[in-house]
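Engineer: Predicted model, plus sequence, below.
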Amino acid sequence: MIKIDNLTKIFETANGAVSAADHISMEVPKGEICVLLGPSGCGKTTTLKMINRIIAPTSGRVFINGEDTTGLDTVTLRRNIGYVIQQIGLFPNMTIAENIAVVPKLLGWKPEAYQRRAKELLEMVALDPGVFLRRYPGELSGGQQQRVGVARALAADPPVMLMDEPFGAIDPINREVIQDEFLKMQQELNKTIMFVSHDIDEAVKMANRIAIFRGGKLVQYDTPDDLLAHPKDDFVESFVGDDRALKRLRLVKVDQVLVTDTPRVKARDSLQQALRLMEEHGYSDAIVMVNDAGQPVGYVPKGIAGTVKGYCGDHYVGLKGTAGIRDDLRKVASMMFTHDTTWLPCVDEQGVYVGDVTQRGVTHYLSATYKPGRAGGSRGADQDMVCNLRSVL
């Protein structure tokens, strides 16, 4: 959807020519989010602004959906690209409804159409139209204004959106909320988005692809997982941080490391049966107990099953926590540390027990990408990377 071909910007200064962007070439597929990262003055914002010609390129070309935009009228180009800036840029003398309707009005939409669109978009960004449509920007919090800024960029339903540090001025709690809501919207809207950020954690969370800039040059352009697992040089490695392996936890879901061939018992099963199942599967610690609906309610320790007679329902221990199959491994690791355990039972959307996630399995999955001939970052990674043995600290 977005193709940049040798895009270059040279500024003439009193001290001579300065290259702000040096032959940048990259492509962003339709429906993907690309985040531009790098230190101040590296060329990321200049590159972004050359796409809609807020900054005129010195040379090079920009293609939108296969069309060379070089010959397009600048006004027409910008009206077909949504744009969100860090300072939001809402017009203070206009109501929220009027702010959202700016571009649709310029495009000649009928009043009922852009009024309906404003209402739809406020609902999409989780702001009640009945409360906010007639308010002015000064009556909104910073986070609310930012949501309106995103809604305004979406008003004319552009295929491409450009965002310059769109969440940078929001406090950390609201930033997480707005990021989550934006990703939910993106699943429905399928826009092609490029945005500038200074936060590697934000980029890992939001992006399908990340572009690292330095001194006006594009140093590495990759998926978040490949960027973290295989930084191109010392600069990229330093920029993404010493905890880059831990950052990868956010990118992997539980169902990618799930051990599914796990036994389970019910309350009416004997402890002898529980012990037999644990020995058959090589379990050294415990077995999960489920109710009649298949939902985990506790576990039976092997030490008890091997020394006491009776039924599982009389000797089980309550669970310390469960993981959902769509949880990311960062959340799982946090739960494991909180509950002092190296494994967690996993449940599906209905709360039914579907298997286990283990610290050993997570380690095997993440480390596989560093082994020759193995691609540990892929969803189809072999199940044999996941260890079947568990141990509770």
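Structural biologist: It's in. Residues are numbered from 1 along each chain as shown.

Engineer: Domain-wise, how is this structure divided?
Structural biologist: Listed by automatic domain parsing, the domain ranges of the chain are 2-251, 254-385.

Engineer: and the longest one, average pLDDT?
Structural biologist: Across domain 2-251, pLDDT averages out at 89.

Engineer: Check the separation of the first and last residues in that domain.
Structural biologist: End-to-end distance for domain 2-251, by CA to CA, to the nearest Å: 24 Å.

Engineer: and that domain, how far out from the chain's middle?
Structural biologist: 15 Å (CA atoms, centre = their mean, to the nearest Å).

Engineer: just to revisit the earlier point, so can I have JSON lines of the domains of the chain showing mean neighbour count?
Structural biologist: Placement of C-beta: from N, CA and C, glycine included. Compiled in JSON lines, the domains of the chain are given as follows (neighbours: other CB atoms under 10 Å):
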{"stretch": "domain 2-251", "mean neighbour count": "17"}
{"stretch": "domain 254-385", "mean neighbour count": "17"}
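
Engineer: contacting residues for P345?
Structural biologist: V288, P296, Y299, L319, T322, A323, Y353, G355, D356 (CB atoms under 8 Å, 6 or more residues apart in numbering).

Engineer: can you tell me which of the residues you listed lies nearest to T307?
Structural biologist: Y299 (16.1 Å; CB to CB).

Engineer: elements contacting the helix or strand the closest one falls within?
Structural biologist: Y299 belongs to strand 296-301 when assigned by DSSP states H and E. With contacts defined as 3 or more CB pairs under 8 Å, 6 or more residues apart in numbering; DSSP states H and E, strand 296-301 has these neighbours: strand 286-290, strand 317-318, strand 343-347.

Engineer: so which of the ones you listed gets nearest L48?
Structural biologist: Here strand 343-347 is closest among these (CB to CB), at 40.1 Å.

Engineer: Following element in sequence after that closest one, please.
Structural biologist: strand 353-358.

Engineer: model confidence over the following helix or strand past that next one, on average?
Structural biologist: On the C-terminal side of strand 353-358, the closest following helix or strand by DSSP H and E is helix 359-368. Helix 359-368 carries an average pLDDT of 86.

Engineer: okay, the angle between helix 359-368 and strand 353-358?
Structural biologist: 70 degrees (axes from the mean of the first three to the mean of the last three CA atoms, to 10 degrees).

Engineer: what packs against helix 359-368?
Structural biologist: helix 329-339.

Engineer: Specify the beta-bridge partners of V28.
Structural biologist: I2 (DSSP bridges).

Engineer: tell me the contacts of it?
Structural biologist: Here V28 is in contact with M1, I2, K3, C34, T192, M194, R209 (CB under 8 Å, 6+ apart).

Engineer: Which strands or helices does the lengthiest helix in the chain pack on?
Structural biologist: Assignment by DSSP state H gives helix 172-189 as the longest helix of the chain. Here helix 172-189 touches helix 142-154, helix 200-206, going by 3+ CB pairs under 8 Å, 6+ apart.

Engineer: I'd like these laid out as CSV, including distance to D255.
Structural biologist: Output for these, formatted as CSV (distance: least, CB to CB, whole Å):
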stretch, distance to D255
helix 142-154, 30
helix 200-206, 19
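
Engineer: so which of those comes closest to F63?
Structural biologist: helix 142-154 (20.8 Å).

Engineer: Mind checking what helix or strand follows that closest one in sequence?
Structural biologist: strand 160-164.

Engineer: Measure how that following strand sits relative to helix 172-189, angle-wise.
Structural biologist: Using the same axes, to 10 degrees: strand 160-164 against helix 172-189 is 170 degrees.

Engineer: neighbouring strands for strand 160-164, and are they parallel or not?
Structural biologist: According to DSSP bridges, strand 160-164 has the following sheet partners: strand 81-85 (parallel), strand 192-196 (parallel).

Engineer: Quick one: work out the angle between the first one and helix 142-154.
Structural biologist: Angle of strand 81-85 versus helix 142-154, following the same axes, to 10 degrees, is 160 degrees.

Engineer: residues making contact with strand 81-85?
Structural biologist: Counting by CB under 8 Å, 6+ apart, 51-52, 64, 149-150, 152-156, 158, 160-166, 191, 195 sit against strand 81-85.

Engineer: okay, it in CSV with CA atoms only?
Structural biologist: What follows is strand 81-85, C-alpha atoms only, in CSV (Å, rounded to 0.1, in the frame of the first residue of the first chain):
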residue,chain,number,x,y,z
ILE,A,81,-4.3,10.4,3.9
GLY,A,82,-5.3,10.5,7.6
TYR,A,83,-2.8,12.4,9.7
VAL,A,84,-2.4,12.4,13.5
ILE,A,85,0.2,14.5,15.4
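
Engineer: which non-adjacent residue is nearest F213?
Structural biologist: The shortest distance from F213 to any non-neighbouring residue, by CB to CB, 6 or more residues apart in numbering, is to G38 (3.5 Å).

Engineer: Contact partners for the one you found?
Structural biologist: Counted by CB under 8 Å, 6+ apart, G38 has contacts K44, I212, F213, R214, V219, F239.

Engineer: Next, work out how far apart the third one and A14 are.
Structural biologist: Separation of F213 from A14 (CB to CB, to the nearest Å): 25 Å.
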